[in-house]
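*Asks:* Turn this into a structure:
(2 chains)
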2 protein chains.
Amino acid sequence: MPFDVQSSLMQKGPISYTLIKKLNKARRGVVHTQHGDIQTPVFMPVGTNGAIKALSVEQVESLDPAIILANSYHLYLRPGIDLLREAGGLHQFADWHRAYLTDSGGFQVFSLSKMRKFDPDGVHFQSHIDGSRHFYTPELCMEIQGAIGSDIAMVLDDCVALPATHDRIEASVKRSIAWAERCSRCERPAHQGLFGIVQGGLELDMRLKHLEALVEMPFQGLSIGGLSVGETPEEMHAMCDAFVYQMPEDFPRYLMGVGTPWDIVEGVAAGIDMFDCVMPTRNARMGTVFVGNGRRLNIRNASNREDMRPLDENCQCLACRRFSRAYIRHLYVAKEITAVILLTLHNLTFYLDLMRKIRASIEDGTFEELRAKFQPGSSEEQEA
Amino acid sequence: MPFDVQSSLMQKGPISYTLIKKLNKARRGVVHTQHGDIQTPVFMPVGTNGAIKALSVEQVESLDPAIILANSYHLYLRPGIDLLREAGGLHQFADWHRAYLTDSGGFQVFSLSKMRKFDPDGVHFQSHIDGSRHFYTPELCMEIQGAIGSDIAMVLDDCVALPATHDRIEASVKRSIAWAERCSRCERPAHQGLFGIVQGGLELDMRLKHLEALVEMPFQGLSIGGLSVGETPEEMHAMCDAFVYQMPEDFPRYLMGVGTPWDIVEGVAAGIDMFDCVMPTRNARMGTVFVGNGRRLNIRNASNREDMRPLDENCQCLACRRFSRAYIRHLYVAKEITAVILLTLHNLTFYLDLMRKIRASIEDGTFEELRAKFQPGSSEEQEA
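*Replies:* Numbers count the residues shown, from 1 in each chain, chains lettered A, B, ... in the order given. Reported below is the predicted structural model:
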């Protein structure tokens, strides 16, 4: 059963959540921010350095996302806190006036930087860009996110790659609880909400223990971290199914860094409201697009050489409305940036359309039919 | 004095030219094509592989160019003539329905390919992409341009890098005359016009001799080739000044592969109507933009790090309307494609705006004042 919110210290603030409808565990809702309402379930495109890779802002606007993600680690290293402050925050700097969510930067410190060393106060690391030395703490993490001025900030956590020993997971939960509390005590811009992050790997009891500690802190939402980090999709889906419905009902639930279209429908089925992933943008740069019910198509394949059909007959993106697979393949093979632009527009359109369909299907009660189509090996997935 | 057109074999056809006004040697006119009228003097953005580098088609449309250039050599090697035919030509393939001009591919055969070897019929070369062997002839060059379906095709010529000996230049003119004639006898799509190309290096008498031969062929326009290939800007400007006004008045005059803003105003002063150059798009990828009266600004410079001004206060491009130098520099330094998109939009806007200003200044008689501002070292150029 979900926690009784009345008994927790979590509280609505600059960020709040309205639950519109439940369908089994799936939720249709709205996250309210000072930069607009976000219809959930939502997918947040990733704009690591303050721009969605390969798109200019008017192209992003044409895709109509309610919120995009920016990376604290990257923006801390470049252009840096001082310049972000001088520019008046990332909304001004990047001329994007809908919502931003920032990660804490912890995941990148652990995955990208060199020479990481924990101490009780934080983590020492060297920049992956120039080798410069930095000391990342919960307080610095909140200062960075304050300078960015995101609408939703994340606590610093200790993310563990899977598989991991019980001892490592226990240490991660303990450290993440301590850091979450320190983050919750930092000052923030008035419009900024803060989400806690639940770790615990694939151990349900550790996740519940972590959750129990986090709901006693004044967060406006909770994230599931430490998934999609080495386990199978089935293991991740099972953990979401067993855990997510136990999170407080009156707050948004965010599954970090996930995932494939299949992962997303399974996450929604478990009760997740928010997702982010580099998959649509990164795959586009690699020449891979999502079509139909999640099937992947590699534009480089020779079979596309003379194919005058669009990437996806049912897609209304710029690439599909105006160009053939043959043309886009030609540009991709010729190493034209234009190809990456078109594939990125397509993939983000695919993800944002998927979320629109998911929201509509929860509203009209057909979510399970939609979910079935996105299972790997389903006839609908195959024929796409 | 210009040739008496009545005595030449040049003829209006699918491509024709209307001279609206002359101001000294400068000309304000219109080139008529089956894909729309082109106000001249005009700059033609280069879309080598059938796309302007780093832009998607709706961004190109927002720049409103009347004509863009595509490269026969590149499109011949990839995607190839058969696919272009199957797609119904480049207008259909790339969904661009204004005019295309194609070069002959000769310049790229000479500058990009490996193992070039002339024989009287054409030139043997190996692809710069995969080393495959090809034999480029005037007839193949016209077949490629026919498959592309460009509005304006170019004859195959023998372009000589400068400095060159008189013998080499003489051989180039002789070969170019023979090849031009062979091109003029090839079948073309009904909507396609054909331009001859004048070679002759920096030798005025050779250029005049070449011109004399070309006006006896049924072309719809003439190009000046073999400039901006190693000589100084002053040498190029002097050659244009001495030569261009002697070309037939009732046909468009196209200076190939030129150039800087200064080169363009000097070309217009000499009587040129059409220009193309990779400079705005290539410089954008290198981080260099044109501002003010042609001054170059390198976005990577540390002086732009905290500069909250736009690239150019007087520019109305997307980059200048919405972003600071600091933001664009940040994206460029972070190797974001988005930076290249913004810089490309700016540079092409700069070039297309320059041509609008040039056309207006010929109309209202102020062209010489405009020209003065674009001289290197002019106070206007410096203060930009």
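
*Asks:* For the residue in the stretch 101-250 of chain A positioned nearest to chain B, give me phi and psi.
*Replies:* Proximity of the stretch 101-250 of chain A to chain B (CB to the nearest CB) peaks at A:I129, 8.9 Å away. Placement of C-beta: from N, CA and C, glycine included. Backbone dihedrals for A:I129, given as degrees, to the nearest 10, come out at phi -90, psi -50.

*Asks:* Who is the one residue sitting closest to the centre of chain A paired with across the strands?
*Replies:* Centroid-nearest residue in chain A: A:D276, 1.8 Å away (criterion: CA atoms, centre = their mean). A:D276 has these beta-bridge partners by DSSP bridges: A:M44, A:V258.

*Asks:* What residues does it make contact with?
*Replies:* With contact set as CB atoms under 8 Å, 6 or more residues apart in numbering or on different chains, A:D276 has these partners: A:43-46, A:69, A:101, A:254, A:256-258.

*Asks:* cool, and A:D158?
*Replies:* Residues counted as contacts of A:D158 (CB under 8 Å, 6+ apart) are A:106, A:110, A:118, A:171-172, A:175-176, A:179, A:199.

*Asks:* what's around A:E234, how many residues?
*Replies:* By other CB atoms under 10 Å in any protein chain shown, the residues close to A:E234 number 9.

*Asks:* returning to that earlier point: looking at the contacts of A:D276, which is nearest B:R207?
*Replies:* Distance to B:R207 across those (CB to CB) is lowest for A:P45, with 55.5 Å.

*Asks:* isn't A:S16 right next to A:I152, touching?
*Replies:* No - using CB atoms under 8 Å, A:S16 is not in contact with A:I152, being 11.4 Å away.

*Asks:* Identify the contacts common to those two.
*Replies:* Joint contacts of A:S16 and A:I152 (CB under 8 Å, 6+ apart) are A:Q220.

*Asks:* Show me which of the two is the more surrounded one.
*Replies:* When neighbours are counted by other CB under 10 Å, A:S16 and A:I152 differ, and A:I152 comes out ahead with 28 against 17.

*Asks:* in the sheet, who's paired with that one?
*Replies:* A:L101, A:G193.

*Asks:* quick one, strands of the stretch 51-200 of chain A?
*Replies:* A:67-70, A:99-102, A:114-119, A:122-126, A:133-136, A:152-154, A:193-198 (DSSP state E, counting those that start in this stretch).

*Asks:* got the contact list for the closest residue to chain B within the stretch 151-300 of chain A?
*Replies:* Of all residues in the stretch 151-300 of chain A, A:R285 sits closest to chain B, at 8.5 Å by CB to the nearest CB. By CB under 8 Å, 6+ apart, the residues touching A:R285 are A:53-54, A:340, A:343-344.

*Asks:* out of those residues, which one sits closest to chain B?
*Replies:* A:A54 (4.4 Å).

*Asks:* Neighbours of the closest one, how many?
*Replies:* A count of neighbours around A:A54, defined by other CB under 10 Å, yields 26.

*Asks:* Is it correct that it is in contact with B:T338?
*Replies:* Yes - contact status for A:A54 versus B:T338: in contact at 6.8 Å, counting by CB under 8 Å.

*Asks:* my guess is A:N283 meets A:N347, correct?
*Replies:* Yes - with contact defined as CB under 8 Å, A:N283 counts as touching A:N347 (6.1 Å).

*Asks:* Show me whatever sits in contact with both of those two.
*Replies:* Each of A:289-290 lies in contact with both A:N283 and A:N347 under the rule CB under 8 Å, 6+ apart.

*Asks:* out of the two, which sits in the more crowded spot?
*Replies:* A:N347 (25 against 19).

*Asks:* you'd agree the more buried one is in a helix?
*Replies:* Yes - under DSSP: H, G, I helix; E, B strand; the rest coil, A:N347 sits within a helix.

*Asks:* For it, which non-adjacent residue is closest in space?
*Replies:* A:P280 (3.6 Å; CB to CB, 6 or more residues apart in numbering or on different chains).

*Asks:* Check the gap between the one you found and B:Q220 for me.
*Replies:* 47 Å (CB to CB, to the nearest Å).

*Asks:* repeat for A:S378
*Replies:* Taking CB to CB, one finds A:S378 at 59 Å from B:Q220.

*Asks:* same deal with A:G365?
*Replies:* 66 Å.

*Asks:* How about the residues of the stretch 201-350 of chain A by chain B?
*Replies:* By the rule CB under 8 Å from any CB of the partner chain, the part of the stretch 201-350 of chain A lying against chain B is A:305-306, A:308, A:318, A:322-324, A:326-327, A:330-331, A:333-334, A:336-342, A:345.

*Asks:* which element is the residue nearest to A:N347 on?
*Replies:* helix A:279-286 (DSSP states H and E).

*Asks:* hang on, the earlier thing: counting neighbours, go ahead and name the busier of A:S378 and B:Q220.
*Replies:* Ranked by neighbour count (other CB under 10 Å), A:S378 and B:Q220 place B:Q220 first, with 24 against 16.

*Asks:* quick one: the more buried one and A:T33, what's the gap?
*Replies:* In terms of CB to CB, B:Q220 sits 60 Å off from A:T33.

*Asks:* what's the answer for A:E203, then?
*Replies:* 33 Å.

*Asks:* Those two: which has the busier surroundings?
*Replies:* A:T33 (24 against 17).

*Asks:* wait, what's in contact with the more buried one?
*Replies:* By CB under 8 Å, 6+ apart, the contact list for A:T33 reads A:14-15, A:67, A:99, A:151-152, A:191, A:193.

*Asks:* Go again with 7 Å.
*Replies:* A:15, A:99, A:151 (CB atoms under 7 Å, 6 or more residues apart in numbering or on different chains).

*Asks:* Please identify which of those is nearest to A:K373.
*Replies:* Of the contacts of A:T33, the one sitting nearest to A:K373 (CB to CB) turns out to be A:A99, at 29.5 Å.

*Asks:* and the residue lying closest to A:A319 once chain neighbours are set aside, backbone torsions?
*Replies:* Once flanking residues are discounted, A:A319 sits nearest to A:L342: 3.9 Å by CB to CB, 6+ apart. Phi and psi for A:L342, reported as degrees, to the nearest 10, are phi -60, psi -40.

*Asks:* Near A:L342, how many other residues are there?
*Replies:* Neighbours of A:L342 using other CB under 10 Å come to 29.

*Asks:* I'd assumed A:I328 was in contact with it.
*Replies:* Yes - using CB atoms under 7 Å, A:L342 makes contact with A:I328 at a distance of 5.5 Å.

*Asks:* any residues in contact with both of those two?
*Replies:* Overlap of the contact sets of A:L342 and A:I328 (by CB under 7 Å, 6+ apart) consists of A:A319.
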